[in-house]
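Asker: Quick one: sequence plus predicted model below, questions after.
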Amino acid sequence: MMTDAIPFAVAVGLAATAAITDWRTGRIPNWLTLPPLVIAPTAYLLLIGLEGLLFSFLGAIICGAAPYLLFRRGAIGGGDVKLLAAVGALVGVMVGLEGQLLGFLIASVYSIALRVFAGSFGTLCKNCFFLVANPFLPPHWQRPLQRGEMTSLRLGGFMLLGLCGAVALRYPPLWS
């Protein structure tokens with residue numbers, strides 16, 4: 001049972017370190033995210049075999065795919081992508097995606113609360129509508145997004161909270 005907890009502890013430690021560096025500097029450095037992307041699949045291969053390698057490799061690829069698309073659109077930073085891929089390599093697809101989903105959900109609620117308290121919730125709704133609708137609207141109906149009213153967040157802390165939530169919900173024996 002103790003060895004089952006090691007990947008989760010390493011992933012939470014990685015996410016905590018990333019959250020701290022993201023909070024302090026606005027960056028999640030390569031020295032933090034790239035080693036787990038190499039070490040986790042190698043360790044799983046040596047300890048479990050090809051099935052372990054596939055578990056870790058698919059975790060990295062699948063958990064990094066949607067964040068990579070967001071990065072390509074300028075919605076998140078590259079460090080966030082590498083962090084989420086590294087977490088996927090450590091804990092696998094299911095826990096990695098659950099942590100991601102919870103992290104993005106917490107960040108969304110926080111962002112909406114910021115806009116509500118700033119008195120610009122209507123602008124947020126308008127931006128959201130046109131962000132989704134513009135690609136489908138004729139050019140004369142399309143509206144530019146009001147960039148000054150958009151919220152920029154550092155995601156490291158939210159991803160830490162999401163990962164902790166996913167691990168706690170999926171594996172209660174680890175913390176009980």
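Answerer: Looks like it arrived, so ask away.
Asker: check contacts around the nearest residue to A40 once chain neighbours are set aside.
Answerer: Distance criterion CB to CB, 6 or more residues apart in numbering; nearest residue to A40, sequence neighbours excluded, is A89 at 4.0 Å. Every residue, glycine included, has its C-beta placed from N, CA and C. Applying CB atoms under 8 Å, 6 or more residues apart in numbering, we find A89 in contact with 36-37, 40-41, 56-57, 59-60, 63.
Asker: Output the helix or strand harbouring A89 as PDB, restricted to C-alpha atoms.
Answerer: Counting by DSSP states H and E, the element that carries A89 is helix 78-91. This file holds the C-alpha atoms of helix 78-91, laid out as PDB (Å, rounded to 0.1, in the frame of the first residue of the first chain):
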ATOM      1  CA  GLY A  78       3.700  26.300 -21.600                       C
ATOM      2  CA  GLY A  79       4.700  25.600 -18.100                       C
ATOM      3  CA  ASP A  80       1.100  24.700 -17.300                       C
ATOM      4  CA  VAL A  81       1.100  22.200 -20.200                       C
ATOM      5  CA  LYS A  82       4.300  20.500 -19.100                       C
ATOM      6  CA  LEU A  83       3.100  20.400 -15.500                       C
ATOM      7  CA  LEU A  84      -0.200  18.700 -16.400                       C
ATOM      8  CA  ALA A  85       1.600  16.300 -18.700                       C
ATOM      9  CA  ALA A  86       4.100  15.400 -16.000                       C
ATOM     10  CA  VAL A  87       1.200  14.800 -13.500                       C
ATOM     11  CA  GLY A  88      -0.400  12.600 -16.000                       C
ATOM     12  CA  ALA A  89       2.800  10.600 -16.400                       C
ATOM     13  CA  LEU A  90       3.000  10.100 -12.700                       C
ATOM     14  CA  VAL A  91      -0.600   9.300 -11.800                       C
END
